[in-house]
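Peer 1: Let's see this in three dimensions:
(2 chains)
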Amino acid sequence: MALAQADVLAGLKEIVEEVAGIPAASIELDKNFTEDLEVDSLSMVEVVVACEERFGVKIPDEKVTDLVTVGDAVNFIVSASN
Amino acid sequence: MSQRRVVVTGLGATTPLGGDVDSTWKAVLAGQSGVRLLTDDWRELLPVHFAARVATEPADQMERVEMRRLDRSEQFALIASREAWEDAGSPDELDKERLGVVIASGIGGVITLMDQFNILNEKGARSVSPHTVPMLMPNGPAANVGLELQAKAGVHTPVSACASGAEAIGYAFEMIKNNRADIVVSGGVEAACHQLPMAAFAAMKALSTRNDDPARASRPYDRDRDGFVLGEGGGILVLEEYEHAKARGAKIYCEISGQGLTSDGYHIAAPDPEGSGVQRAIKFALKNAGMTAKDIVHLNAHATSTPAGDVAEANALRKALGADADHVAVSATKSMTGHLLGGAGAIESVFLVKALADRLAPPTINIENLDPAVTVDVVRDKPRTLPSGDIAALNDSFGFGGHNVVLVFNSI
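Peer 2: Predicted structure coming up:
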């Protein structure tokens, strides 16, 4: 069964806060990882691996460049969990 | 161009005796030991159960998010550099192309290396942190400080084992002398209180095994010394061209006026019992500073508390300084801090600068019976007042590999 979008967003907020120190309250679907949340390329690798562990999905390296916003990541994880 | 002079305008430290220079220096003058029993389960694996960890954990001095992408050695470098930079008056208006950083480490990010090796084995390659390489590289402490200060005159990391910290200060001195920079943040750090380096030093029989009395284990020059005590932390000095410092009204602690560098060509770890490399380094340093042994009133010794090293060094000092060694107050502060490896020459230079400023040579603790083979004048138990007027002092540091570094500081 697919994960609920709200649950994935909540989990992703926790991961980004842990990795990049961005307060969860300021993390929303339309935020850009690089420009809005200052998640650099190395930290993005950490976010991806943490998401894989937490949500039990695979996020292939070639897909990571497509995950520009938080919403992109949430949608990818929800569909991958289906 | 007239001869450029180099002065010290800022100090920073985090050590087994305190989280900054003031608390550390106060503890040094009080003759306190920073050596404690380890609380880690792994200590039972080792013949040595104690070390000198920093008195203030980095978590109390920096943000968690910043910490997680820094090796412990890099955390020490940033903590001590921030203190030193502020102490120097935060000269942020400086042209960054005239700002350099030279910070050494003897071993580099060994805790990161071992932690990530464990993650690789337990969870696989994908779980290895992408920050691993910037965290374990020995130039990481210098690079992180250079980034923070936006230093663009050059960021360097000399590596010469336990002489690294002193060599870094000498390198910074040369950068200013040679007109590559006007300010250089320099020093050394080490974070190696981990079971592997400790087991490895123990395998060399280099560490004290006085498990029943850790605070008295580091006892340079004592007859019953049985090895060094591993310490961690670091020291940072802001070096600055004299006219530059005067022009901005900076507080000037003292001058650094010379350095001497030699190598033994004798053995990978053992000191040359003749100490000829050390003697040459002292002579080169004095000549480089335009001084003679008559000018020297204090020396912060390398003296690690190993049976062979302390006597070899004392003999070399006596031979190099001759009768003038009689007016040199010799302090072995590793008796209190333990041995900070790549940070040793740096924290001991911080102590030398404070000694010149306060006119107090720090004590050497834990000498119950002075080794009769030691023929220099060791400051024991309590600080000793240094003469008024113009005075100069030496810091010597040696590293596995046969590296010898001597620095000359003088009042100004």
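
Peer 1: Tell me the residue of chain A that sits nearest chain B?
Peer 2: Minimum separation of chain A from chain B (Cβ to the nearest Cβ) falls at A:Gly21, amounting to 3.0 Å. (C-beta placed from N, C-alpha, C; glycine too.)

Peer 1: How about the secondary structure of the nearest residue to that residue once chain neighbours are set aside?
Peer 2: In space, not counting the residues next to it along the chain, A:Gly21 is nearest to B:Val65; the distance is 3.0 Å by Cβ to Cβ, 6 or more residues apart in numbering or on different chains. For B:Val65, the secondary structure call by DSSP: H, G, I helix; E, B strand; the rest coil comes out as helix.

Peer 1: Would you enumerate the residues in contact with B:Val65?
Peer 2: When contacts are counted by Cβ atoms under 8 Å, 6 or more residues apart in numbering or on different chains, B:Val65 touches A:Val19, A:Ala20, A:Gly21.

Peer 1: Now, of the residues you listed, which are buried?
Peer 2: Taking 16 or more other Cβ atoms under 10 Å in any protein chain shown as the criterion, what is buried in these is A:Val19, A:Ala20.

Peer 1: Which of the contacts of B:Val65 fall within helices?
Peer 2: Within those, residues falling in helices by DSSP state H are A:Val19, A:Ala20.

Peer 1: who in chain A is up against chain B?
Peer 2: A:Val19, A:Ala20, A:Gly21, A:Leu42, A:Ser43, A:Val45, A:Glu46, A:Val49, A:Glu52, A:Glu53 (Cβ under 8 Å from any Cβ of the partner chain).

Peer 1: what about burial for these, which qualify?
Peer 2: Buried residues within those, defined by neighbour count using 16+ other Cβ under 10 Å: A:Val19, A:Ala20, A:Ser43, A:Val45, A:Glu46, A:Val49, A:Glu52.

Peer 1: so where's the chain shaky on pLDDT?
Peer 2: All of this is about chain A. A:1 (pLDDT under 70).

Peer 1: wait, chain B
Peer 2: Residues of chain B meeting the criterion pLDDT under 70: B:1-2.

Peer 1: distance of A:Lys58 from A:Val19?
Peer 2: A:Lys58 is 19 Å from A:Val19, where distance means Cβ to Cβ, to the nearest Å.

Peer 1: actually B:Gly188, not the one I wrote
Peer 2: From B:Gly188 to A:Val19 the distance is 30 Å (Cβ to Cβ).

Peer 1: next one: A:Val74
Peer 2: For A:Val74, the distance to A:Val19 equals 16 Å [Cβ to Cβ].

Peer 1: repeat for B:Val21
Peer 2: When Cβ to Cβ is the yardstick, B:Val21 and A:Val19 sit 33 Å from each other.

Peer 1: One more: B:Gly342?
Peer 2: Separation of B:Gly342 from A:Val19 (Cβ to Cβ) stands at 30 Å.

Peer 1: One more: B:Ala161?
Peer 2: When distance is defined by Cβ to Cβ, B:Ala161 is 35 Å away from A:Val19.

Peer 1: show me the contacts for the nearest residue in space to B:Leu94 that is not next to it in sequence.
Peer 2: Counting by Cβ to Cβ, 6+ apart, B:Ile183 is the residue found nearest to B:Leu94 once chain neighbours are left out, at 5.9 Å. Listed by Cβ under 8 Å, 6+ apart, the contact partners of B:Ile183 are B:9, B:88, B:91, B:94, B:98-100, B:176, B:238-241, B:244.

Peer 1: Out of those, list just those in strands.
Peer 2: Of the contacts of B:Ile183, the ones assigned to strands by DSSP state E are B:Thr9, B:Leu99, B:Gly100, B:Val238, B:Leu239, B:Glu240, B:Glu241.

Peer 1: now, which of the residues you listed sits nearest chain A?
Peer 2: Within the ones in strands among the contacts of B:Ile183, the smallest distance to chain A is 24.0 Å, found for B:Leu99 (Cβ to the nearest Cβ).

Peer 1: So what sits opposite that closest one in the bridge?
Peer 2: Partner residues in beta bridges with B:Leu99: B:Ile183, with DSSP bridges as the criterion.

Peer 1: quick one: it and B:Leu149 touch, right?
Peer 2: Yes. In this structure, B:Leu99 is within contact of B:Leu149 by Cβ atoms under 8 Å, at 6.3 Å.

Peer 1: Now list whatever residues contact both of the two.
Peer 2: Overlap between the neighbourhoods of B:Leu99 and B:Leu149 consists of B:Val185, taking contacts as Cβ under 8 Å, 6+ apart.

Peer 1: Distance-wise, check the residue in chain B that chain A sits nearest to relative to B:Ile282.
Peer 2: Of all residues in chain B, B:Val65 sits closest to chain A, with a separation of 3.0 Å (Cβ to the nearest Cβ). Separation of B:Val65 from B:Ile282 (Cβ to Cβ): 46 Å.
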